[in-house]
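Visitor: please find the sequence and the predicted model below.
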Amino acid sequence: MLTGFYTIASGLMAQQKKLETEGNNIVNAQTPGYRTQRVTAVPFDQELYSRLENGTSSEIGYASPATIVKNQTTRFNVDNIKQTDRNMDVAIDGNGYFTIAGSDGKKYITRNGGFDVDSSGYLELPDYGHVLGTDGQPIHVGDTNFTVLSGGTVLNSSGQQVGTIMLTTPADDAELTQYSNGMFAAPANAQTGAAGAGVSLRQKSLESSNVDLNREVSMMMEAQTSLQSCSSALQIYDAVNQKSASQIASL
């Protein structure tokens, strides 16, 4: 009798995870460079079902009594690059990620180029950390009147070269860990260096997120409806079990 509880509970957990993921996508719809996430649910291990009738047993077939969340995937398609006319905004036109030295001592990668200059004159991604150059060190620009050339070379307000923005390109088969704010953990086997062929940096521009709000809201409503259906089914199944225990057992 407990099989039904496990089946419904697995559905509840899968839909709850979908709701959380869709909600995070909607919250980050305006986060520059954010990448949409998707939950992939698959059937649990299949079981052989049989039928007992008139003292004889016959096989019905295979089925799965539960659903589990297999993984959470990320859509990496590049979205629109929009001009902002803000000098500290930089967008990547092509493959690659900016490399950020986090305040927690870890390295992160992101497509979010909404930079700023900290009180010490270093180029930073606000609230996250310093932007690294190809030498592995933070880039000191001095003030906000710096220039970023298409190849990633950074010039200060005096026209002197102060560094080159490092771009990180993960391997095609790399599994990136994305955090809720659109930042990714820097993979160990990624290629790092200056912008390569077919890649350029565009100053005074930002890449928007690839979240389709209409689709996300629709999918969130669908997951909410499924969650409510599972909740109702759980109540019905519980009532059936209570009658089985109190009424049928008393016969």
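Guide: Great, that's in hand. Residues are numbered from 1 along each chain as shown.
Visitor: how is the chain carved up into domains?
Guide: 2-75+211-248, 81-207 (automatic domain parsing).
Visitor: now these in a markdown table, please, with extra columns for mean pLDDT and mean neighbour count.
Guide: Where you see a C-beta, it was placed from the backbone N, CA and C, and this is true even at glycine. Listed next are the domains of the chain as a markdown table, based on pLDDT from 0 to 100; neighbours: other C-beta atoms under 10 Å:
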| stretch | mean pLDDT | mean neighbour count |
| --- | --- | --- |
| domain 2-75+211-248 | 73 | 14 |
| domain 81-207 | 90 | 17 |
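Visitor: so what touches stretch 144-163?
Guide: Outside stretch 144-163, the residues within contact range by C-beta atoms under 8 Å, 6 or more residues apart in numbering are 87-88, 90, 116-117, 123, 133-135, 137, 139-143, 164-167, 194-195, 200-203.
Visitor: residue 41 bridge partners, please.
Guide: residue 69 (DSSP bridges).
Visitor: is it in contact with residue 16, as I believe?
Guide: No. Using C-beta atoms under 8 Å, residue 41 makes no contact with residue 16, being 11.2 Å away.
Visitor: my guess is residue 89 contacts residue 207. True?
Guide: No. The pair residue 89 / residue 207 is not scored as a contact, 9.6 Å apart, by C-beta under 8 Å.
Visitor: hey, what's in contact with both of the two?
Guide: residue 113.
Visitor: distance of residue 195 relative to residue 144?
Guide: Going from residue 195 to residue 144 by C-beta to C-beta, to the nearest Å gives 22 Å.
Visitor: show me how far the host helix or strand of residue 234 is from its chain's centre.
Guide: Per DSSP states H and E: residue 234 is located in helix 213-243. Chain-centre distance of helix 213-243: 24 Å, with C-alpha atoms, centre = their mean, to the nearest Å.
Visitor: now residue 191, nearest residue through space, not along the chain?
Guide: residue 169 (4.6 Å; C-beta to C-beta, 6 or more residues apart in numbering).
Visitor: quick one, what contacts the one you found?
Guide: Neighbours of residue 169 in contact, by C-beta under 8 Å, 6+ apart: 95, 96, 97, 190, 191, 192, 196.
Visitor: who does residue 37 bridge with?
Guide: The residues that residue 37 bridges to, once DSSP bridges is applied, are residue 74.
Visitor: residue 192 too?
Guide: Note on residue 192: beta-bridge partners by DSSP bridges are residue 168.
Visitor: how much space between it and residue 107?
Guide: 10 Å.
Visitor: any shared contact partners between these two?
Guide: In contact with both residue 192 and residue 107: residue 99, using C-beta under 8 Å, 6+ apart.
Visitor: am I right that residue 33 is in a helix?
Guide: No. Assigned with DSSP: H, G, I helix; E, B strand; the rest coil, residue 33 falls outside any helix and is coil.
Visitor: my guess is it contacts residue 183, does it?
Guide: No. Between residue 33 and residue 183 there is no contact under C-beta under 8 Å: 9.2 Å.
Visitor: now list whatever residues contact both of those two.
Guide: In contact with both residue 33 and residue 183: 110, 112, using C-beta under 8 Å, 6+ apart.
Visitor: OK, contacts around residue 179?
Guide: Counted by C-beta under 8 Å, 6+ apart, residue 179 has contacts 108, 185.
Visitor: residues touching the closest residue in space to residue 86 that isn't next to it in sequence, list them.
Guide: Excluding its sequence neighbours, the residue lying closest to residue 86 (C-beta to C-beta, 6+ apart) is residue 204, at 6.1 Å. If you count contacts by C-beta under 8 Å, 6+ apart, residue 204 has them with 83, 84, 85, 86, 87, 89.
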